[in-house]
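structure, please.
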Amino acid sequence: MNVGISTASIFNRLALEEVPAVLASMGCETMEVFLNTFSEYEPTFAALLRNRIDDAGQQVYSVHPMSTQFEAQLFSIHPRQKQDAFQIYRNVLEAGRILGATHYVMHGSPHLGGTAKNLEMDLLVPVFRELLSMAEDYGITLCLENVSWCFFHSPAFGKELSSRLGDHRLKFVLDIKQAMRCGEDPFAFIEAVGQDIANWHLCDYAIDEEGKLRLKMPGQGQCDFAAMAKAMLRAGYTGPAFVEVYSDMYTNFDELQAAFAYLQKELSPLGDKN
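Predicted coordinates for the structure are as follows:
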């Protein structure tokens, strides 16, 4: 299994255009690009970043925008809010195309405790059909990530949404830390939507003596990455696995490189027959 690193792991430590060289120095060849803000969605910036990525000898699998800036409004019932959000979505898709990405990682909208009427499934499904078609126009696959504070925070939601769409065009991202944050077993997401998972975000965790969740760098916690990878592969997973940790979880890049090397050792020997 190919292991890469998401630039989200270096959030605010370096300017994004400086990150490819750092990841290359760690031996990382495949990356997910986390685009931080509107100016980074522009074609001129995407072209500059693509040059840096090419110089570093890397490839981009996925783009992941700062979802809180516009993704909730993609599902708005207000026409101007939705129109503006769709334009930003187009900008990110175009940036992704320039970067050579084949997948877009979406958080979607906060679930708001079930109080928002525009987040009912009957209203979400047609919007997702629009979003899927638009992404396809750019040669990009839309992937919805499980996130503790967004509408896809349970395996049941992903399974129902996929069933309602009915065509398996929507893919999913399994994020281990977000599954744990909402009290769900990551394996339950594999069981629910495993055949449609197209991206995987890796972070370790531990449950302390008081039962509290503590996020850890890969290799420093309790997650059995190899067992989870085998479950993913049995479900048909063929994509990469990305180190995606918070940038305040480590003190220097040597620790990030050590986590990457640990996951390479754990996962790289595994093939699609496991």
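
check the residue most central in space within the chain and give its pLDDT.
Central residue of the chain (Cα atoms, centre = their mean): Val105, 4.6 Å from the mean position. In this model, Val105 is scored at 98, pLDDT.

quick one: secondary structure of it?
strand (DSSP: H, G, I helix; E, B strand; the rest coil).

show me what counts as buried in stretch 149-164.
Neighbour-count burial for stretch 149-164, counted by 16 or more other Cβ atoms under 10 Å, picks out 150-155, 157-159, 161-162. Where C-beta positions appear, they are placed from N, C-alpha and C, glycine not excepted.

and that stretch, average pLDDT?
Mean predicted lDDT for stretch 149-164 stands at 95.

all strands for the chain, in order.
3-6, 30-35, 59-65, 103-106, 141-145, 171-175, 197-202, 204-207, 213-216, 241-243 (DSSP state E).

so which of the ones you listed is the most packed in?
strand 241-243 (a mean of 28; mean count of other Cβ atoms under 10 Å).

who's in contact with the closest residue to Glu255 other than its chain neighbours?
What sits nearest to Glu255 in space, not counting adjacent residues and going by Cβ to Cβ, 6 or more residues apart in numbering, is Met217, at 6.2 Å. Met217 makes contacts with 203-204, 245, 249-250, 255-256, 258-259, as judged by Cβ atoms under 8 Å, 6 or more residues apart in numbering.

tabulate those residues (CSV), appending pLDDT and distance to Gln222.
Output for those, formatted as CSV (pLDDT from 0 to 100; distance: Cβ to Cβ, whole Å):
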residue, pLDDT, distance to Gln222
Cys203, 98, 12
Asp204, 98, 7
Val245, 98, 15
Met249, 97, 15
Tyr250, 97, 18
Glu255, 98, 18
Leu256, 98, 20
Ala258, 98, 18
Ala259, 98, 15
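
which of those residues fall within helices?
255-256, 258-259 (DSSP state H).

return the members of those residues classed as buried.
Buried, going by 16+ other Cβ under 10 Å: 256, 258-259, out of these.

count the residues that sit near Pro186.
22 (other Cβ atoms under 10 Å).

give the buried residues for the helix of greatest length in the chain.
Longest helix in the chain, counting residues (DSSP H): helix 79-99. Using 16+ other Cβ under 10 Å as the test for burial, helix 79-99 gives 82, 85-86, 88-89, 91-99.

now, which of these sits nearest His111?
Ala85 (17.6 Å; Cβ to Cβ).

enumerate every residue touching that closest one.
When contacts are taken as Cβ under 8 Å, 6+ apart, Ala85 is in contact with 70-74, 76.

can you check Ser162 too?
Ser162 neighbours (Cβ under 8 Å, 6+ apart): 168, 170, 172, 193, 196.

which ones among those residues map onto helices?
Using DSSP H, those in helices are Val193.

PyMOL command to pick out the buried ones of the contacts of Ser162?
Of those, the buried ones go into a single PyMOL selection, burial set by 16+ other Cβ under 10 Å:
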select buried, resi 170+172+193+196
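
residues contacting Ser67?
Contacts of Ser67 by Cβ under 8 Å, 6+ apart are 106-108, 150.

can you put those residues in a markdown table and add distance to Ala227?
Compiled in a markdown table, the contacts of Ser67 are given as follows (distance: Cβ to Cβ, whole Å):
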| residue | distance to Ala227 |
| --- | --- |
| Met106 | 27 |
| His107 | 27 |
| Gly108 | 28 |
| Cys150 | 26 |
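
for these, name the two members farthest from one another.
Pairwise over those, using Cβ to Cβ, the maximum falls at Met106 and Cys150, 9.0 Å.

returning to that earlier point: JSON lines please, covering the contacts of Met217 and showing distance to Lys117.
Output for those, formatted as JSON lines (distance: Cβ to Cβ, whole Å):
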{"residue": "Cys203", "distance to Lys117": "33"}
{"residue": "Asp204", "distance to Lys117": "38"}
{"residue": "Val245", "distance to Lys117": "36"}
{"residue": "Met249", "distance to Lys117": "37"}
{"residue": "Tyr250", "distance to Lys117": "42"}
{"residue": "Glu255", "distance to Lys117": "45"}
{"residue": "Leu256", "distance to Lys117": "42"}
{"residue": "Ala258", "distance to Lys117": "47"}
{"residue": "Ala259", "distance to Lys117": "42"}
